[in-house]
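> The sequence and its predicted three-dimensional model are supplied below.
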Amino acid sequence: MKIESLAIPEVKLIIPPKFGDARGFFSETWSASKLKAQGFDETFVQDNQSFSAAKGTIRGLHCQVAPSVQGKLVRVIRGAIWDVAVDIRKGSPTYGKWVAAELSAENWAQLWIPGGFLHGFCTIAPDTEVIYKVTADYDKAAERAVIWNDPDLALPWPVAPGEELLSDKDKIAPRLATCESWFTYP
Ligand SMILES: Cc1cn([C@H]2C[C@H](O)[C@@H](COP(=O)(O)OP(=O)(O)O[C@H]3O[C@H](C)C(=O)[C@H](O)[C@H]3O)O2)c(=O)[nH]c1=O
């Protein structure tokens, strides 16, 4: 498994091998032992899957706080997303900074977003299917959100203004500056 750190090194791009032949392909999309051998040792407790019919669907910016802080290992099995992680660990040298990657069924790339980061994505193809492993159970009481178009973050979402599709919840999320510090660094 190829693992590379992004500009915020805690966020990792992971590309598993894909073995193609005349029938199609086989891929070991996650291996605890192979990742541990490369220093990636996380325990996942839940698998999630979301389907977004429209290109320009934005889900995020979300996280869970203690006692249910979630790390997420995200991949795309159909379509494509622009996947973004924002460092919101108070005291972090990269606080308020973000990194992003295109994840697609084509490039087979996965993104590891550790706890302490907001996560969100924008679909860049219709009928996009996202699958991700998380390191803590869903805990509605621990869910937090920051508005997708926070001017302090100025995320370059790959969708024309006004064409984004969001949940009602995501449309009314607060700005990062108005949120108490949910995470501290290190
Ligand atoms: C996240 C989650 C949701 N739900 C239920 C709660 C709602 O009734 C329904 C839809 O939830 P929501 O609108 O929060 O789904 P997304 O907007 O895709 O949220 C996710 O989007 C971003 C990209 C994330 O990183 C998180 O995993 C998650 O927040 O599924 C569950 O039952 N379990 C869960 O783990």
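On my side now, so go ahead.
> Near the ligand, which residues of this protein are found?
Within the chain, the positions adjacent to the ligand are Asn48, Ser50, Arg59, Gly60, His62, Lys72, His119, Gly120, Phe121, Tyr138, Ser167 by Cβ under 6 Å from any ligand atom. All C-beta spots, glycine's among them, are computed from the backbone N, C-alpha and C.
> 8 Å instead, please
46, 48, 50, 59-60, 62-64, 70, 72, 74, 113, 119-121, 130, 132, 134, 137-138, 140, 143, 145, 167, 169-170 (Cβ under 8 Å from any ligand atom).
> which stretches of this protein form helices?
Assigned by DSSP state H, the helices in the chain fall at 32-36, 168-171.
> Show residues contacting the shortest one.
It refers to helix 168-171. For helix 168-171, the surrounding residues in contact (Cβ atoms under 8 Å, 6 or more residues apart in numbering) are Ile58, Arg59, Gly60, Ala145, Ile147, Trp148.
> just the first one next, same as before
Surrounding helix 32-36, the residues in contact under the criterion Cβ under 8 Å, 6+ apart are Met1, Ile3, Ile14, Glu28, Asp41, Glu42.
> I'd assumed Pro16 was in contact with the second one.
No. Between Ile3 and Pro16 no contact is recorded; they are 10.0 Å apart, counting by Cβ atoms under 8 Å.
> how far away is the closest residue to Trp108 other than its chain neighbours from Gln46?
Distances taken as Cβ to Cβ, 6 or more residues apart in numbering place Lys18 nearest to Trp108, at 5.4 Å, with adjacent residues excluded. Look at Lys18 and Gln46: by Cβ to Cβ, to the nearest Å, they are 25 Å apart.
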